[in-house]
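[1] how would this look folded up:
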Amino acid sequence: MVTLNATAQTFTVKPTSLNVAEGEKFTVTWEIKGGPMDDFQAPDLSKFYIMSGPNESHSMQWVNGRTTNSHSVSYVLSPKKMGKYIIPAATVTSKRKAIRSGKVTVKVGKGSAAAARKNQKQAKPPRRTTPRNVPPTKQGQAQQQPTKQTTPDVWLGLVVDTTNVYQGQQLTAIYRLYTNVDVTNYQIENPPSFTGYWVQDITPQQRQTPGTEVIDSVIFRTLDLKKYALFPQRTGSLEIDPMDIKVDARIPRPGTSNSPWGQRYIAKKLDIKNKPLPINVFPLPEAGKPSSFTGAVGKFTISSSVSNPNIKANESIDYNVSITGSGNIKLIDLPPINFPKSFQTFDPVVSEDVYTKQDVVNGRKKFEYTIIPSEPGKHQLPSIAFSYFDIETGKYKTINSPAATINVAKGDGTFTDVSIEDNADIYPLKSSLSLSRRSSSFLFSIPFWLLLLLPFGIFPYVYLKIKERQAVLSDVVGMKRNRAAEIARQRLTTAKTYMEANNKKPFYDEVIHVIWGYLGDKLNMPNSELSKENIAAMLTKNGVSDGNIEQLTKTITYCEMAVYAPVKDADNLQGTYDTTINLIANIEEEMDAFANPDVVTVEAEEVEGDGGKPTINIG
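    Predicted coordinates for the structure are as follows:
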């Protein structure tokens with residue numbers, strides 16, 4: 001224990017141990033007696049992991065009629081490596097005088113490797129991966145810090161794992177609250193818009209544990225408010241937008257730390273906003289880019305399966321292709337597949353299963369194709385070449401799915417040749433016609449002739465229906481448009497399930513996918529061209545009113561904000577569900593009316609006629 005006296009005041013530093021092992025925890029406590037602790041300045045503790053602190057306490061004792069006050073601040077530390085380290089003196093202001101504590105020498109010996117790895121893991125900054133041949137940022141995480149002269153009591157920082165990335169590469173952004181006063185509540189007012197980025201909210205659902213950081217010799221408690229995985233969609237300098245929050249803070253009232261009733265506080269509401277942070281986004285290299293590359297960045301595998309390799313002609317089978325791995329999984333697409341010409345194919349049904357592992361977006365994207373072979377025989381489904389850019393190696397990689405063989409037998413509706421060998425009921429022609437009655441009452445009767453002529457009457461009808469069906473199936477765009485509303489309503493049943501379970505985030509995410517999927521099918525637009533501006537232009541071109549377009553845009557924006565950040569009225573799941581159903585119905589009605597302008601609209605109104613009876617006017 002090291003003690004310094006200043007006019008009956010004592011300022012001591014007490015470590016629980018002066019000889020510790022690597023990875024072992026120990027506590028250092030600074031205590032002042034006989035005076036207040038108005039401004040405690042901790043020493044440099046960068047040689048240690050701060051496991052807990054600063055932890056403040058205040059005690060009061062009455063001995064023989066005399067009152068003694070003491071204030072203390074403690075830290076739980078763990079050394080980063082072996083060696084001999086000096087913890088410098090701390091400084092405290094008491095009764096307008098600055099008092100310094102003594103120094104402490106700590107010897108760190110060899111300890112448990114497991115404990116050291118555990119402490120390193122707790123203090124590890126976010127993952128960072130920098131493009132090759134690009135000057136990296138300084139080691140560790142890039143973060144915003146106020147200057148020493150302007151360091152406030154509470155401020156919001158933006159921490160990223162790197163400021164240099166490739167287009168499509170994930171970077172992690174953390175909005176971190178720093179405070180050295182008590183914060184009782186906070187609320188996100190305006191979440192960031194992330195212009196130019198595709199965003200995945202990866203904020204942990206469980207309660208966050210506060211941490212500590214020393215900035216400009218000031219110890220701050222920290223709390224990560226939001227964490228996002230960002231995927232830049234264009235090159236150049238892209239800013240990460242700021243976030244606005246409101247904070248309820250308890251600021252210590254000056255001059256009350258030595259009060260016998262304890263420290264007094266002032267409640268304040270603070271509006272806090274961090275600064276935007278620029279990110280350097282580099283284009284993917286052109287050298288070595290394969291023709292099968294569709295924009296995947298990360299590390300992936302591919303697999304495929306067939307529901308039934310042995311079928312009959314004109315029967316449908318499911319061909320499933322899955323891409324699994326880490327990276328921009330929601331943005332990837334398959335290259336065109338060269339199916340056999342005798343196979344009728346439809347656009348795939350796409351599903352996603354995305355999760356986060358150690359702040360990295362992982363998952364699987366599944367493409368389900370429905371194919372109908374029309375010719376018997378043995379057919380080969382080709383191997384699919386899928387290419388992605390590997391961040392770790394800085395090179396493109398191509399992986400292939402296995403080819404599949406489909407055995408197609410003749411279907412039940414195929415025509416077969418029938419040969420006539422000998423039939424006792426066929427007689428040679430006679431020179432004279434005899435209409436004698438045969439022993440069978442059915443032969444040459446009216447039912448006999450009707451049954452004989454029936455195939456000739458049905459054949460044209462069946463032929464026309466087959467041609468009509470083939471025309472409908474060949475019109476893939478028409479099928480998608482006609483079935484767009486039906487498919488959207490079917491998918492809304494999944495959203496309804498989430499709504500009934502009050503599972504907000506999956507509900508809003510499903511509604512967004514339903515709306516985008518419906519609009520893509522209805523307007524025959526690929527996913528790469530789907531944006532609010534393009535959708536608005538295409539809907540206007542197809543006769544949809546400005547009111548419905550505006551309501552659609554508001555609904556999409558609201559759902560996106562509800563997925564990626566808290567919004568007001570986020571509990572209005574039923575209202576969002578009803579609005580989406582009504583929007584789809586209104587768009588269907590207006591596009592159908594625009595496509596069929598010859599349909600006469602009949603409006604009726606009641607006017608005074610004979611005898612006071614209503615008369616219908618048609619206009």
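[2] Just the strands from the stretch 301-450 of the chain, written as ranges.
    In order along the chain, the stretch 301-450 of the chain carries the following strands (DSSP state E, counting those that start in this stretch): 310-312, 317-327, 343-345, 349-357, 360-373, 377-381, 385-390, 395-400, 404-409.
[3] pLDDT on the fourth one, on average?
    It stands for strand 349-357. Per-residue pLDDT over strand 349-357 has a mean of 88.
[4] go on, stretch 409-425?
    For stretch 409-425, the mean confidence score works out to 49.
[5] just stretch 153-165 next, same as before
    Rounded to a whole number, the mean pLDDT of stretch 153-165 is 90.
[6] Alpha carbons only: can I get that stretch in CSV?
    What follows is stretch 153-165, C-alpha atoms only, in CSV (Å, rounded to 0.1, in the frame of the first residue of the first chain):
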residue,chain,number,x,y,z
ASP,A,153,-19.5,13.6,-20.5
VAL,A,154,-21.6,11.6,-23.0
TRP,A,155,-21.0,11.1,-26.7
LEU,A,156,-21.7,8.7,-29.6
GLY,A,157,-18.9,7.1,-31.5
LEU,A,158,-18.8,5.0,-34.7
VAL,A,159,-16.5,2.0,-34.6
VAL,A,160,-15.7,0.0,-37.8
ASP,A,161,-13.3,-2.9,-38.4
THR,A,162,-11.7,-1.3,-41.4
THR,A,163,-12.0,1.8,-43.6
ASN,A,164,-10.8,0.0,-46.8
VAL,A,165,-13.0,-2.6,-48.4
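[7] on that earlier part again, pick the most buried one from the strands of the stretch 301-450 of the chain.
    Here the criterion is mean neighbour count by mean count of other C-beta atoms under 10 Å, and of the strands of the stretch 301-450 of the chain the winner is strand 385-390, at a mean of 21. Using the backbone N, CA and C atoms, a C-beta is placed for each residue, glycine as well.
[8] thinking again about what came up before, just tell me which of the strands of the stretch 301-450 of the chain ends up closest to Y197.
    For the strands of the stretch 301-450 of the chain, the distance to Y197 is smallest for strand 360-373, at 12.9 Å, taking C-beta to C-beta.
[9] So what are the sheet partners of the closest one and their directions?
    In the sheet containing strand 360-373, the strands it pairs with under DSSP bridges are strand 317-327 (antiparallel), strand 343-345 (antiparallel), strand 349-357 (antiparallel).
[10] List the contacts of the second one.
    Going back to what we said before, that points to strand 343-345. By C-beta atoms under 8 Å, 6 or more residues apart in numbering, the list of residues contacting strand 343-345 from outside reads F339, Y369, T370, I371, I372, P373, S374, H379, L473.
[11] so which of the strands paired with strand 360-373 comes closest to I549?
    Closest to I549 of those, according to C-beta to C-beta: strand 349-357, at 25.6 Å.
[12] starting at the chain centroid, how far to the closest one?
    A distance of 9 Å separates the C-alpha centroid of strand 349-357 from that of its chain, computed with C-alpha atoms, centre = their mean, to the nearest Å.
[13] can you list the strands of the stretch 301-450 of the chain in JSON lines and add distance to T494?
    Rendered in JSON lines, the data for those read as follows (distance: least, C-beta to C-beta, whole Å):
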{"stretch": "strand 310-312", "distance to T494": "30"}
{"stretch": "strand 317-327", "distance to T494": "19"}
{"stretch": "strand 343-345", "distance to T494": "25"}
{"stretch": "strand 349-357", "distance to T494": "11"}
{"stretch": "strand 360-373", "distance to T494": "15"}
{"stretch": "strand 377-381", "distance to T494": "30"}
{"stretch": "strand 385-390", "distance to T494": "28"}
{"stretch": "strand 395-400", "distance to T494": "31"}
{"stretch": "strand 404-409", "distance to T494": "30"}
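[14] Quick check: which of those strands is nearest to N534?
    For the strands of the stretch 301-450 of the chain, distance to N534 was read as C-beta to C-beta. The smallest value, 19.4 Å, belongs to strand 349-357.
[15] Contacts for that closest one next, please.
    200, 202, 229, 326, 329-330, 361-368.
[16] export these to JSON lines and tack on pLDDT and distance to Y186?
    Output for the contacts of strand 349-357, formatted as JSON lines (pLDDT from 0 to 100; distance: C-beta to C-beta, whole Å):
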{"residue": "Q200", "pLDDT": "89", "distance to Y186": "23"}
{"residue": "I202", "pLDDT": "90", "distance to Y186": "19"}
{"residue": "A229", "pLDDT": "93", "distance to Y186": "22"}
{"residue": "S326", "pLDDT": "93", "distance to Y186": "32"}
{"residue": "I329", "pLDDT": "88", "distance to Y186": "32"}
{"residue": "K330", "pLDDT": "86", "distance to Y186": "30"}
{"residue": "V361", "pLDDT": "91", "distance to Y186": "26"}
{"residue": "N362", "pLDDT": "93", "distance to Y186": "30"}
{"residue": "G363", "pLDDT": "92", "distance to Y186": "31"}
{"residue": "R364", "pLDDT": "93", "distance to Y186": "36"}
{"residue": "K365", "pLDDT": "93", "distance to Y186": "36"}
{"residue": "K366", "pLDDT": "93", "distance to Y186": "39"}
{"residue": "F367", "pLDDT": "93", "distance to Y186": "42"}
{"residue": "E368", "pLDDT": "93", "distance to Y186": "44"}
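[17] Not counting its own residues, what contacts the helix or strand hosting F40?
    Element membership of F40 [criterion: DSSP states H and E] is strand 39-41. Outside strand 39-41, the residues within contact range by C-beta under 8 Å, 6+ apart are W30, P54, V73, A90, T91, V92, T93, S217, V218.
[18] Show only the entries of the residues you listed found in helices.
    Taking DSSP state H, every one of the contacts of strand 39-41 sits outside helices.
[19] Lowest pLDDT pick from those residues?
    The pLDDT minimum for the contacts of strand 39-41 sits at S217, where the score is 70.
[20] these two touch, right, that one and P88?
    No - because the distance of 10.5 Å does not satisfy C-beta atoms under 8 Å, S217 is recorded as not touching P88.
[21] shared neighbours, those two?
    When C-beta under 8 Å, 6+ apart defines a contact, the residues bordering S217 and P88 alike are D44.
[22] how long is stretch 329-347 from one end to the other?
    19 Å (C-alpha to C-alpha, to the nearest Å).
[23] how about it: buried residues?
    Residues of stretch 329-347 classed as buried under the neighbour-count rule (16 or more other C-beta atoms under 10 Å) are I329, L331, I332, D333, L334, I337, F339, P340, F343, Q344.
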